[in-house]
Structures are given as C-alpha cells and as structure tokens.
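Student: coords below, sequence missing:
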Ligand code: 1GP
C-alpha cells in the first residue's frame, strides 16, 4: 500500500528528522513568484509546501497548485482558511479544528457543512488540532476566527489544549502565532507541548530567522512553517531549510 504523507510525517518524527515547509498564500503570488519559490525550494530541499491563507480573495487556488506541481515533486498540502479552499490537485488537506478557540463554527460547524465536498475531493485528510497562540498583534487568523488566541505565556493552557486535541483523535497539532506574528511561539511553550503529545507537532507564525527555526526544532517542533518572511526575502528558504535539517537527531 502506498505510504501516505501522514505515514511519512510519523516516520520522520520517529527517526528524529525535522521538516521544513514553505507556506504559499495564493493571494500573494503571481506565476513568476511561484516559479521562483518552487525553484528555490527544490534547491534548498524543502520537504513540503502548504498552500492557503486566512482569506483567499483571488480565485486561482487550483491554478497555483497546478503550477507548483508542473515543476516540482514536493508534496502540496492544503492549509485552508475556509472550507472553500479545497483543491483536488493538492496531495493532502490539513483538516483543521480550531481547538484553541471557542467558536463552534471552526471547531465542527464548517466541517459538517463541507464534509461531503471534502470527502469527494479524494484528498488525504489530516485531522489537525489547530492552536492559535498570541503573537503580539491581531493577525488575520485571530480576527477571522473570532476566537481569542492562547496567551503567549500560558504554557500550561497550550499543553492541555494539545493533549486534549490528541486524545480527541487529532493526528497533528499545529501551533500558530499567526502569519507575520511579531512574536513567534516561545521555545518554552513548544517544549511543553511537544513533551506531552506523541503526534507530530507543526509550528509556524512569525518565524523570520534560521536561528529561531533551529531553536524551535530543538524544543520539539517536527515541522516548521514559514510564509511571510520568505515572501519578503526568498533567499531565506535555503538558510532556514539548512537550519531545520541541521538539527541533530533527538536533540
Ligand atoms: C501562518 O504559520 C503560518 O499561519 C506561517 O506564518 O507567514 O508568519 O511565516 P508566517
């Protein structure tokens, strides 16, 4: 049987290998920018692309993914800001439930409305406990989700939220300080979460330097996501990818 991407996540985690993911927001890239990102990502041995955004205003999600696929075999995983952001051209879908919030629509409501459509897509579905951490600025995700983020210094709340998510059956936990966060999630919080769950841990939001990506991995992040900083300076792809991949196994 073909190995799923999720199997690959678990295998990499077991082997102590960290992964680097470039987030592409279809609203922020044109064809030339996609080509450039894909080329840099292939050179830098990027592991995955996430595609999505809190708002996808433009209507070219399918086209964006098809274009990535034409020139690269890096897996494309949807990171949807809304149920409409489903494309059968991707490889998998982070099926996000906003477990840090108390907005029933984003915990289960939108899932119910879109379930048949999501199932019909044939995508690999990755049930993901999505935790928004206060990143020091009201980001699009906190505004759109109408949900209070976990305060940046409340490590125990983050830990308990992740534990509950895992026990509810989430296969991944994603700690997100929000795109362009002023303050990314702290290593203390990442470590607290990582040591209390067994499923792979994704960390993103406001990571702008290779050192921070490295420290997050040392603290227990399995998958690092960077979008904003790379949009501003695409040469960071290589630097951050090298940093993530240089973390010693079981550091
Ligand atoms: C946001 O985790 C992602 O949802 C990535 O954040 O754009 O700040 O890298 P940045």
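Tutor: Yes, it's here. Please read these numbers as outputs of a predicted model, since none were measured by experiment.

Student: Which positions in stretch 225-239 come out as buried?
Tutor: Of all the residues in stretch 225-239, those buried under the rule 16 or more other Cβ atoms under 10 Å are 225, 226, 227, 228, 229, 230, 231, 234, 236, 237, 238. Quick note: C-beta positions are derived from backbone N, CA and C, even for glycine.

Student: Verify the stated contact: the fourth one with residue 204.
Tutor: If I follow you right, that is residue 228. No - using Cβ atoms under 8 Å, residue 228 makes no contact with residue 204, being 9.6 Å away.

Student: okay but residue 212 is in contact with residue 185, surely?
Tutor: No - using Cβ under 8 Å, residue 212 is not in contact with residue 185; the gap is 9.9 Å.

Student: Residue 156 belongs to a helix, doesn't it?
Tutor: Yes - according to DSSP: H, G, I helix; E, B strand; the rest coil, residue 156 belongs to a helix.

Student: Grab the nearest non-local neighbour of it.
Tutor: Distance criterion Cβ to Cβ, 6 or more residues apart in numbering; nearest residue to residue 156, sequence neighbours excluded, is residue 192 at 7.3 Å.

Student: And that neighbour, how far from the ligand?
Tutor: Separation of residue 192 from the ligand (Cβ to the nearest ligand atom, to the nearest Å) stands at 19 Å.

Student: ok, now which ones touch that residue?
Tutor: Contacts here follow Cβ atoms under 8 Å, 6 or more residues apart in numbering; on that basis residue 192 touches 155, 156, 158, 159.

Student: can I assume it sits in a helix?
Tutor: Yes - if the criterion is three-state DSSP, then residue 192 is within a helix.

Student: pLDDT score assigned to it?
Tutor: With respect to pLDDT, residue 192 scores 98.

Student: Repeat that for residue 61.
Tutor: On pLDDT, residue 61 comes in at 92.

Student: Counting by contacts, list what the helix-or-strand element of the chain with minimal mean pLDDT packs against.
Tutor: When the helices and strands of the chain are scored by mean pLDDT, DSSP states H and E, helix 140-145 comes last with a mean of 74. The contact analysis (3 or more Cβ pairs under 8 Å, 6 or more residues apart in numbering; DSSP states H and E) places helix 140-145 against strand 124-132.

Student: Can you list the buried residues in the strand it packs on?
Tutor: Neighbour counts over strand 124-132 (16+ other Cβ under 10 Å) mark 124, 125, 126, 127, 128, 129, 130, 131, 132 as buried.

Student: Run through the residues of this protein sitting next to the ligand.
Tutor: Residues of the chain found near the ligand (Cβ under 6 Å from any ligand atom) are 23, 176, 179-181, 204-207, 225-229.

Student: Run through the residues that contact the residue in the stretch 151-251 of the chain that the ligand sits nearest to.
Tutor: Closest to the ligand within the stretch 151-251 of the chain is residue 204: 2.4 Å, counting by Cβ to the nearest ligand atom. With contact taken as Cβ under 8 Å, 6+ apart, residue 204 is in contact with 21, 23, 174, 175, 176, 177, 224, 225, 226, 227.

Student: Just give me the closest of the residues you listed to residue 139.
Tutor: Of all the contacts of residue 204, residue 139 sits closest to residue 177, with 7.8 Å by Cβ to Cβ.

Student: what about stretch 64-75, distance to the chain center?
Tutor: Centroid separation for stretch 64-75 versus its chain: 18 Å, with Cα atoms, centre = their mean, to the nearest Å.

Student: where along the protein do the helices fall?
Tutor: Counting by DSSP state H, the chain has helices at residues 5-14, 31-43, 61-71, 104, 110-120, 140-145, 155-167, 187-194, 210-219, 228-232, 236-245.

Student: Which one of these lies nearest to residue 251?
Tutor: Among the helices of the chain, the nearest to residue 251 by Cβ to Cβ is helix 210-219 (5.0 Å).

Student: Give me the helices and strands touching the closest one, please.
Tutor: Applying 3+ Cβ pairs under 8 Å, 6+ apart, we find helix 210-219 packed against helix 187-194, strand 223-226, helix 236-245.
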